[in-house]
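Undergrad: predicted coordinates and the sequence they were generated for:
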Amino acid sequence: MIIKIGISCLTYKVIQAVKASHPLFNDDNTLDIIRQMILILDPRGIILKLNQRGCEILGVAKSKRKVIGKDWFQSFVPHKKRALYRKLFGDSLVNQNLEESFEGKVLCRDGTERTIIWHASFLKNTNNSIVGMICSGEDVTEIRQYEKKLKESEENHRLLAERLKENEQRLSEAQKIATVGSWEYIPASGDIIWSDETFRLFGLKPEKRNISREEFRSYIHPDDRESLSAHVQAALQEGIPYEIEIRIIGADKRLRYLIGRGVPVMEKGKVVKLLGTGMDITQRKLDELRVKRAVVAGQDMERRRISADLHERLGQKLSGIKMFAENLAINSNSFDEDMKKLLSLLDEAVHEVKDISQKFMPPALNDFGLTNALRELCKKTSKSSGVKIKFRSYDVNGRLDPYLEFGIYRIALELLNNSLQHARAKEIHLQLFQRNNKLILTAEDDGKGFNVKKTDFNKTFGLNSVAARADALNGDFNLDSKYGKGTTASIEIPL
């Protein structure tokens, strides 16, 4: 706009100066000092004058004299525009009406076209008759090329923005289908930027806002916050990528399991942000849990069957043999040491079968519930092992789900066996209590202890069994042990 106004002002002054000095038309030097194209045409469109600047633009500076007398429209107007421009020229002469300015193309000698902004005025004789037209032209080819490139650039930016938006929409749909959300964390500001699917994973409606660290932390399961924080700090301070399984409690109060991945972005040796994803694996965890529960349930059913077979079939037969041997000994006149030994072995076998049967499926568990069964287990185990075992229970009221009761009982049995067989404990404390809608079992001994971090649980049948059962009950199994300081095990099961 500023360029056009400048051209208009200069052109007006040039035309007025030329019109006021008709005698100077024959003086080329007067027109040549003007740095705009000056073109004078007669009513037929024949070139009467063309200044030096005009010749330079058209590429005819070396043959300036040959240009005079030529048809302007035939020589210097592009073929496609000739008829239109000639008609507009003729109409303006007839109607004596000119536009203030207009833009058109000129054809140069080398075949290229240039863009000119024209300003024109009629030339009249003393009788006020039109004898020609004087035109002043400003070459704006480069300006128009720049504007075209700018427009193309703006269009490219617009198309790029549209494609980016489309890609974001596709990514959002893909994340929604795969239940994978993406996120970005900027340490300098503390802002966390979530994708739409990440909002959904956390039980929120997608919106355009950043998440604070405090809000994000509030959604992480309390038991997983410390572990996640340690991974994030290692990524920020040491540039270590991480992958971690966490639980979240979303704004909709639903418990979900996520696989969280974070990758540091470095600039000049410093972490400037973290990029990552969160994948919902809740359904996978539930499926795994159902499989584990099915396996454990199948094992428990098999234990019940074996327990029944031991008690009802083998136990009865052993008892029958023992009774027969006792009658034989009473009726025998020569009751010797071999018979006494036989009776002793049979008595041990009957008690062993009874003990195995009760461990598989203790009658007290079915008849009186978990608390009484654990109390009886501790009492019998203490008596048979000679180790002091104390049991305490509080805030556990009424019967629990049979599956849960049997699972906790088997866990307690494995923990006691582990303390007795491996820890060489002299005293064991077993506790069962309820807190924050969780059932908690703890076992503490004063045994020799061990290094938890260096222990391969897959090679320790007892502890591996405890971990598997706790997992099947959707619970957490934690161990704390040090050499010479004993071991403390805890299992927390949500109710």
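TA: Thanks, I have the structure now.
Undergrad: endpoints of stretch 447-462, how far apart?
TA: Terminal residues of stretch 447-462 lie 16 Å apart, using C-alpha to C-alpha, to the nearest Å.
Undergrad: avg pLDDT for that stretch?
TA: The average pLDDT for stretch 447-462 rounds to 75.
Undergrad: could you pull out the strands for the stretch 251-400 of the chain?
TA: In the stretch 251-400 of the chain, the strands defined using DSSP state E, counting those that start in this stretch lie at 255-267, 270-280, 388-394.
Undergrad: in JSON lines, list these along with mean neighbour count, mean pLDDT and distance to S153.
TA: Heads up, the C-betas are built off the backbone N, CA and C, glycines and all. Output for the strands of the stretch 251-400 of the chain, formatted as JSON lines (neighbours: other C-beta atoms under 10 Å; pLDDT from 0 to 100; distance: least, C-beta to C-beta, whole Å):
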{"stretch": "strand 255-267", "mean neighbour count": "17", "mean pLDDT": "90", "distance to S153": "28"}
{"stretch": "strand 270-280", "mean neighbour count": "18", "mean pLDDT": "89", "distance to S153": "29"}
{"stretch": "strand 388-394", "mean neighbour count": "15", "mean pLDDT": "91", "distance to S153": "75"}
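Undergrad: now those in TSV, with distance to S229?
TA: Below are the strands of the stretch 251-400 of the chain laid out as TSV (distance: least, C-beta to C-beta, whole Å):
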stretch	distance to S229
strand 255-267	12
strand 270-280	13
strand 388-394	33
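Undergrad: nearest to K379, out of those?
TA: Proximity to K379, assessed across the strands of the stretch 251-400 of the chain by C-beta to C-beta, is greatest for strand 388-394 (7.8 Å).
Undergrad: which other helices and strands does that closest one contact?
TA: Where contact means 3 or more C-beta pairs under 8 Å, 6 or more residues apart in numbering; DSSP states H and E, strand 388-394 is packed against helix 370-385, strand 427-435.
Undergrad: right, and the strands of the stretch 251-400 of the chain - which one's nearest S182?
TA: strand 270-280 (5.2 Å).
Undergrad: can you list the weak-confidence ranges in the stretch 351-495 of the chain?
TA: Under the criterion pLDDT under 70, the flagged ranges of the stretch 351-495 of the chain are 351-361, 457-461.
Undergrad: just to revisit the earlier point, dump the helices and strands packed on strand 388-394 into JSON lines; add mean neighbour count and distance to K453 as well.
TA: Formatted as JSON lines, those follow (neighbours: other C-beta atoms under 10 Å; distance: least, C-beta to C-beta, whole Å):
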{"stretch": "helix 370-385", "mean neighbour count": "18", "distance to K453": "29"}
{"stretch": "strand 427-435", "mean neighbour count": "18", "distance to K453": "23"}
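Undergrad: can I get those in CSV with distance to D252?
TA: Formatted as CSV, these follow (distance: least, C-beta to C-beta, whole Å):
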stretch, distance to D252
helix 370-385, 33
strand 427-435, 25
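Undergrad: how about those, which one is nearest L255?
TA: L255 sits nearest to strand 427-435 of all these, at 18.1 Å, using C-beta to C-beta.
Undergrad: okay, that closest one in CSV with CA atoms only?
TA: The C-alpha atoms that make up strand 427-435 are tabulated as CSV, following Å, rounded to 0.1, in the frame of the first residue of the first chain:
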residue,chain,number,x,y,z
GLU,A,427,10.8,-66.4,67.5
ILE,A,428,8.1,-65.6,65.0
HIS,A,429,5.3,-63.0,65.1
LEU,A,430,2.3,-63.3,62.8
GLN,A,431,-0.3,-60.6,62.6
LEU,A,432,-3.6,-60.2,60.7
PHE,A,433,-5.4,-56.9,60.6
GLN,A,434,-7.6,-54.7,58.5
ARG,A,435,-6.7,-51.0,57.7
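Undergrad: what pairs with that strand, parallel or antiparallel?
TA: Take DSSP bridges as the rule and strand 427-435 pairs in its sheet with strand 388-394 (parallel), strand 438-445 (antiparallel).
Undergrad: can I get these in JSON lines including distance to N417?
TA: Listed next are the strands paired with strand 427-435 as JSON lines, based on distance: least, C-beta to C-beta, whole Å:
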{"stretch": "strand 388-394", "distance to N417": "12"}
{"stretch": "strand 438-445", "distance to N417": "11"}
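Undergrad: pick out the residue closest to the middle of this protein.
TA: Compute the mean C-alpha point of the chain, and by C-alpha atoms, centre = their mean the closest residue is S182, 1.4 Å away.
Undergrad: tell me if that residue really is in a helix.
TA: No - looking at S182 with DSSP: H, G, I helix; E, B strand; the rest coil, it is strand, so not inside a helix.
Undergrad: isn't it right next to I192, touching?
TA: No - contact status for S182 versus I192: not in contact, 11.4 Å apart, counting by C-beta atoms under 8 Å.
Undergrad: and for A468, the neighbour number?
TA: For A468, the neighbour count with other C-beta atoms under 10 Å is 17.
Undergrad: any idea how far it is from V396?
TA: Per C-beta to C-beta, to the nearest Å, A468 is found 23 Å from V396.
Undergrad: what does V180 give?
TA: For V180 relative to V396 (C-beta to C-beta), the value is 41 Å.
Undergrad: and G111, by the same measure?
TA: When G111 is compared with V396 (using C-beta to C-beta), they lie 99 Å apart.
Undergrad: please say which of those two ends up with more neighbours.
TA: Neighbour tally, G111 and V396, criterion other C-beta under 10 Å: the higher count belongs to V396, 16 against 8.
Undergrad: for L274, find the nearest of the strands paired with strand 427-435.
TA: Nearest to L274 among those is strand 438-445 (32.5 Å), distances taken as C-beta to C-beta.
Undergrad: quick one: contacts of the closest one?
TA: 396, 400, 404, 408, 411-412, 415-416, 419, 423, 425, 427-434, 486-495 (C-beta atoms under 8 Å, 6 or more residues apart in numbering).
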